[in-house]
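>>> based on what follows, work out the 3D shape:
(2 chains)
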Amino acid sequence: MSDIDRLIQSLAKLPGLGPRSARRAALYMLERRESVLAPLIAALSAAAEGVRTCSTCGNLDSTDPCSICADPRRDPTILCVVEDVADVWALERANAFRGRYHVLGGALSALDGVGPEDLNIAGLVGRARAPAVAEVVLATSLTVDGQTTAHYIIDRLEGCEVTVSALAHGIPLGGELDYMDDGTLSAALKARRPLPRGL
Amino acid sequence: MEWTDDAIILSLRRHGESSAVVSLLTRDHGRHVGLVRGARSRRARGFLQPGSVIRAVWRARLADHLGTVSWEPGVQRASELLEHPARLAALASACAVAEAALPEREPQAAVFAGMLALLASLADDAVWPSAAVKWELGLLQALGYGLDLSACAATGSCDDLVYVSPRSGRAVSRVAGAPYHDRLLALPPFLLAPGATGTAADAVAGLALTGYFLERNVFRMRGHGLPAARLRLLDRLRRATSSQGDAPTAAS
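Residues are numbered from 1 along each chain as shown, chains lettered A, B, ... in the order given. Predicted structure coming up:
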């Protein structure tokens, strides 16, 4: 197998890229060695060398503890529990949460053989026992596996002096009822809330 | 090759960026697997969850191919259960047990009908624990390991049946079983009366009973134990029972 074929095969394993798009990407990089390929190699090598998993929350960063755990401006009383690092990035993009995170590393799944021992739940219980923590926000997926994981965590947090909350479920911003699926509509109706009156 | 059938989704395994390999329990075609394109799309992913009932069309060039599944939505159960830990545990357990126990492509109309009834019962805490036990009893029957609860294995009597022999799977009366009661499995009374429901403690005993035979006859032969979701259901019901005493229901 030639070097080019090996490059294409490696690129094709990335999410979102098939063999055809991997071929285009490889050709693009090889035609722009100085401006694209060399910086990419340097960035990949730096990431492979320097990025590590935060021993506190499970996030990925070049420091341990990660920049979120080490940030003194972050609220240490609230922990947001997510399944993957991608969920941390999504919440950070929204810029709506100023507490700290805990990455489980997946969700309980009978099909994939993921049990509680495969997830970072013991670490979460340890963090929740700290007197500084007052609230744990469960931000697992709204799927059977995600909510099974959430209920399991609630059980495990019994005895910890924390409030356990979950993200609201319902109609997304900009959503039109006509396009909503039945499950979302039913969850939104169940979670309806009184609106303030007057000024 | 093509068929159309009603189906309950047992599991989904992500395939590529937007598709999923879905395992279905169908009315006339047994447990069947197929590729659903666009299963991760915004429109589909809310509905394609374990326990949802769909109208599935399976197509493949040859019968032994994986095939693709196109679908129309039927009844979505998961969204109503996500906030109820015990009901959700029952749904996950039934799907995991069916997925692991049923052979592929063997029609199991009774198991399908029983699972539909179990899914419908999940709205009622007074009913579903007993329904879960009865569904597993039916599953054992369908797999050829049915229990004989009609008469005492020792005396032939039909009265006061309170045990099941772990060796033969046959009922044993109180009198005949007394000398061996510590080695026999408890037989909850609601399993002897069609349509009856039991207490949460009865359901725990029932799940212990069916779990014993499922593990011994079905899962151990395949080199593994009961699915983790099934163990979690029994654990949750046990804790609910011990915290409430012998409550009349297994409330979430």
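>>> how much space separates the residue of chain A found nearest chain B from A:Val81?
Residue nearest to chain B within chain A: A:Gly183 (3.2 Å; Cβ to the nearest Cβ). Glycine gets a C-beta too; all of them are placed from N, C-alpha and C. Distance, A:Gly183 to A:Val81, by Cβ to Cβ, to the nearest Å: 22 Å.
>>> so what's the spatially most central residue of chain A closest to, chain neighbours aside?
Closest residue to the average C-alpha location of chain A: A:Asp87 at 2.1 Å, with Cα atoms, centre = their mean. In space, and not counting its chain neighbours, A:Asp87 is closest to A:Ala139: 6.5 Å by Cβ to Cβ, 6 or more residues apart in numbering or on different chains.
>>> and B:Arg40, by the same measure?
Per Cβ to Cβ, 6+ apart, closest to B:Arg40 is B:Ser18, 4.7 Å.
>>> check contacts around that neighbour.
By Cβ atoms under 8 Å, 6 or more residues apart in numbering or on different chains, B:Ser18 lies in contact with B:Arg37, B:Gly38, B:Ala39, B:Arg40, B:Ser41.
>>> skipping its backbone neighbours, what lies nearest the residue minimising distance to the centre of chain B in space?
Residue closest to the mean C-alpha point of chain B, counted by Cα atoms, centre = their mean, is B:Ala94 at 3.4 Å. Nearest residue to B:Ala94, sequence neighbours excluded (Cβ to Cβ, 6+ apart): B:Leu118, at 5.8 Å.
>>> count residues in the vicinity of that neighbour, would you?
When counting by other Cβ atoms under 10 Å in any protein chain shown, one arrives at 23 neighbours for B:Leu118.
>>> tell me the secondary structure of it, please.
Using DSSP: H, G, I helix; E, B strand; the rest coil, the structure places B:Leu118 in helix.
>>> what's the answer for B:Leu24, then?
strand.
>>> how about the residue lying closest to it once chain neighbours are set aside, secondary structure?
Leaving aside its sequence neighbours, B:Leu24 sits nearest to B:Ala7 (Cβ to Cβ, 6+ apart; 3.9 Å). Three-state assignment for B:Ala7 (three-state DSSP): strand.
>>> ok, B:Ala7 touching B:Ile54?
Yes: if you go by Cβ atoms under 8 Å, B:Ala7 and B:Ile54 touch, sitting 5.5 Å apart.
>>> still on that earlier bit, can you pull the contacts of the residue nearest to B:Leu24?
By Cβ under 8 Å, 6+ apart, the contact list for B:Ala7 reads B:Leu24, B:Leu25, B:Thr26, B:Arg27, B:His32, B:Val53, B:Ile54, B:Arg55, B:Ala56, B:Trp71.
>>> so what's the residue count around whatever residue of chain B ends up closest to chain A?
Residue nearest to chain A within chain B (Cβ to the nearest Cβ): B:Ser79, separated by 3.2 Å. The number of residues packed near B:Ser79 is 22, by other Cβ under 10 Å.
>>> tell me the secondary structure for it?
On the basis of three-state DSSP, B:Ser79 is classed as helix.
>>> confidence score at the residue lying closest to it once chain neighbours are set aside?
Leaving aside its chain neighbours, B:Ser79 sits nearest to A:Gly183 (3.2 Å; criterion: Cβ to Cβ, 6+ apart). Here, the pLDDT recorded for A:Gly183 equals 78.
>>> A:Gly183: helix or strand, and which one exactly?
helix A:182-190 (DSSP states H and E).
>>> what parts of the stretch 1-150 of chain B come near chain A?
B:11-13, B:17, B:43, B:46-47, B:49-51, B:73, B:76, B:78-80, B:82-83, B:85, B:88-89, B:91-92, B:95-96, B:99 (Cβ under 8 Å from any Cβ of the partner chain).
>>> in strands, which of those appear?
B:Ser11, B:Leu12, B:Arg13, B:Pro73 (DSSP state E).
>>> let's have these in CSV, adding neighbour count and pLDDT.
Output for those, formatted as CSV (neighbours: other Cβ atoms under 10 Å in any protein chain shown; pLDDT from 0 to 100):
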residue, neighbour count, pLDDT
B:Ser11, 24, 93
B:Leu12, 23, 92
B:Arg13, 14, 90
B:Pro73, 17, 89
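>>> excluding its backbone neighbours, what's nearest A:Pro19?
Per Cβ to Cβ, 6+ apart, closest to A:Pro19 is A:Ala12, 4.9 Å.
>>> who are the contact partners of the one you found?
Counted by Cβ under 8 Å, 6+ apart, A:Ala12 has contacts A:Gly18, A:Pro19, A:Ser21, A:Ala22.
>>> in what helix or strand does the third one lie?
Using DSSP H and E, the secondary-structure element containing A:Ser21 is helix A:19-31.
>>> go through that helix and flag the buried ones.
A:Ala22, A:Arg23, A:Ala25, A:Ala26, A:Met29 (16 or more other Cβ atoms under 10 Å in any protein chain shown).
>>> including pLDDT and distance to chain B, could those go into JSON lines?
Listed next are the buried residues of helix A:19-31 as JSON lines, based on pLDDT from 0 to 100; distance: Cβ to the nearest Cβ, whole Å:
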{"residue": "A:Ala22", "pLDDT": "96", "distance to chain B": "14"}
{"residue": "A:Arg23", "pLDDT": "96", "distance to chain B": "18"}
{"residue": "A:Ala25", "pLDDT": "96", "distance to chain B": "16"}
{"residue": "A:Ala26", "pLDDT": "96", "distance to chain B": "20"}
{"residue": "A:Met29", "pLDDT": "96", "distance to chain B": "22"}
